[in-house]
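Engineer: Please work out how this folds:
(one chain, ligands or ions: 1)
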Amino acid sequence: MSDDNLSVSRRKRVNFIKGLLITVVIIMIITPTIVSIVAISGLKKLDSRITELDDKISKLELTYMLKAQADEALDELIGEKETHIIEQIEPAADEKTETIQTETVNENIKKVYLTFDDGPSSTTGRILDILDEHGIKATFFVTGYQAEKHPEWYKDIVDRGHTIGMHSYSHIYKDIYSSPESFFVDLDKLHDYIEKTTGVDTHYVRFPGGTSNNVSKVSVKDLCDMVHERGWEYYDWNISCKDATSPAPNADQIVSFTLTGIEQHSNCIVLMHDASDKQSTIEALPRIIEAVQAQKDTQFCSINDETEPVQHLLTGYDDED
Ligand code: ZN
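Structural biologist: Alright, predicted model coming up:
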């Protein structure tokens, strides 16, 4: 091989290597560029897709928010409607319950009204203490015996939560039962005294001797009608503790008479007396109260406008006051 041939061959090889190097360099430059371009393009597409998704998410969020607000508004509306419906239903339900309870009370509870005639007296305070000790209220049909000397005894009855009613100012049968006029002159005097002294405009009456008394010279029925014409009400009794009979019973007998009577009635109006000579009544009183309080479905009450009256003219009565 000549030198020229050798030189041509070497040049060819050098050129080939150069070409190869240039190609490699070009590939090394172009490839990342293409890759970058493709990547950038891809990123752009991705970015655009992300923006699109963001939009969708925002729209969805807005939709959810609107839906939540709508739900809330709907809940409020339903709540108001429910409250309104409940308000409409509840009073009716309460009324029904009340009716049922009232009926239950009327059917099952025995009411015992202790009533004290002829006071107040020096023993009124002791009676009031016993009633207080046992947490019960009673009714006092008072006279005017102590009106001048002891107005505080009348006031005490009212202040300690008991019912005060009219018995008679003078309690003198021959005077008060001589004519309707004298009957009401006496009763008005007592009524006005009670109102002035205690502040109570009482409309409860107990006839002296009861409406079954045989003493009156005038028709007791007429007197009863006149009492009603005034808007007043009168109450006799269906149980007597017999503390005004002669010979006077002892405490045991008073307890026995009273409890036997209470056993026999569902609406018990018990006649007792508030007088300084009725110490057996005072002795019997706590025993009567405790025995009744031990009975199921029995309660003590003071006379009020709901009290069912006992009236001898209608029911008849043999015992004496
Ligand atoms: Zn009397």
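Engineer: First-to-last residue distance for stretch 157-173?
Structural biologist: Stretch 157-173 has an end-to-end distance of 25 Å (criterion: C-alpha to C-alpha, to the nearest Å).
Engineer: If you count neighbours, what's buried in that stretch?
Structural biologist: 157, 158, 162, 163, 164, 165, 166, 167, 168, 169, 170, 171 (16 or more other C-beta atoms under 10 Å). All C-beta atoms are positioned from the backbone trio N, CA, C, and that covers glycine.
Engineer: what would those look like in JSON lines with pLDDT?
Structural biologist: Below are those laid out as JSON lines (pLDDT from 0 to 100):
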{"residue": "157", "pLDDT": "98"}
{"residue": "158", "pLDDT": "98"}
{"residue": "162", "pLDDT": "98"}
{"residue": "163", "pLDDT": "98"}
{"residue": "164", "pLDDT": "98"}
{"residue": "165", "pLDDT": "98"}
{"residue": "166", "pLDDT": "98"}
{"residue": "167", "pLDDT": "98"}
{"residue": "168", "pLDDT": "98"}
{"residue": "169", "pLDDT": "98"}
{"residue": "170", "pLDDT": "98"}
{"residue": "171", "pLDDT": "97"}
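Engineer: Just the ones in strands from those residues, please.
Structural biologist: Counting by DSSP state E, the buried residues of stretch 157-173 place 163, 164, 165, 166, 167, 168 in strands.
Engineer: Closest to the ion out of these?
Structural biologist: In terms of C-beta to the ion, no member of these lies closer to the ion than residue 167, at 5.5 Å.
Engineer: Just list the residues touching that closest one, thanks.
Structural biologist: Neighbouring residues of residue 167 by C-beta atoms under 8 Å, 6 or more residues apart in numbering: 117, 118, 141, 142, 143, 190, 205, 206, 208.
Engineer: and what of residue 162?
Structural biologist: Contacts of residue 162 by C-beta under 8 Å, 6+ apart are 128, 131, 137, 138, 139, 140, 302.
Engineer: in the chain, which spans are helices?
Structural biologist: Assigned by DSSP state H, the chain shows helices spanning 3-108, 124-133, 151-159, 173-176, 180-198, 220-229, 251-264, 279-293, 312-315.
Engineer: sorry, back to before: would you format the buried residues of stretch 157-173 as JSON lines with distance to residue 250 included?
Structural biologist: Converted to JSON lines, the buried residues of stretch 157-173 look like this (distance: C-beta to C-beta, whole Å):
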{"residue": "157", "distance to residue 250": "27"}
{"residue": "158", "distance to residue 250": "32"}
{"residue": "162", "distance to residue 250": "26"}
{"residue": "163", "distance to residue 250": "28"}
{"residue": "164", "distance to residue 250": "29"}
{"residue": "165", "distance to residue 250": "28"}
{"residue": "166", "distance to residue 250": "31"}
{"residue": "167", "distance to residue 250": "25"}
{"residue": "168", "distance to residue 250": "28"}
{"residue": "169", "distance to residue 250": "32"}
{"residue": "170", "distance to residue 250": "31"}
{"residue": "171", "distance to residue 250": "25"}
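Engineer: With that, I have no additional questions.
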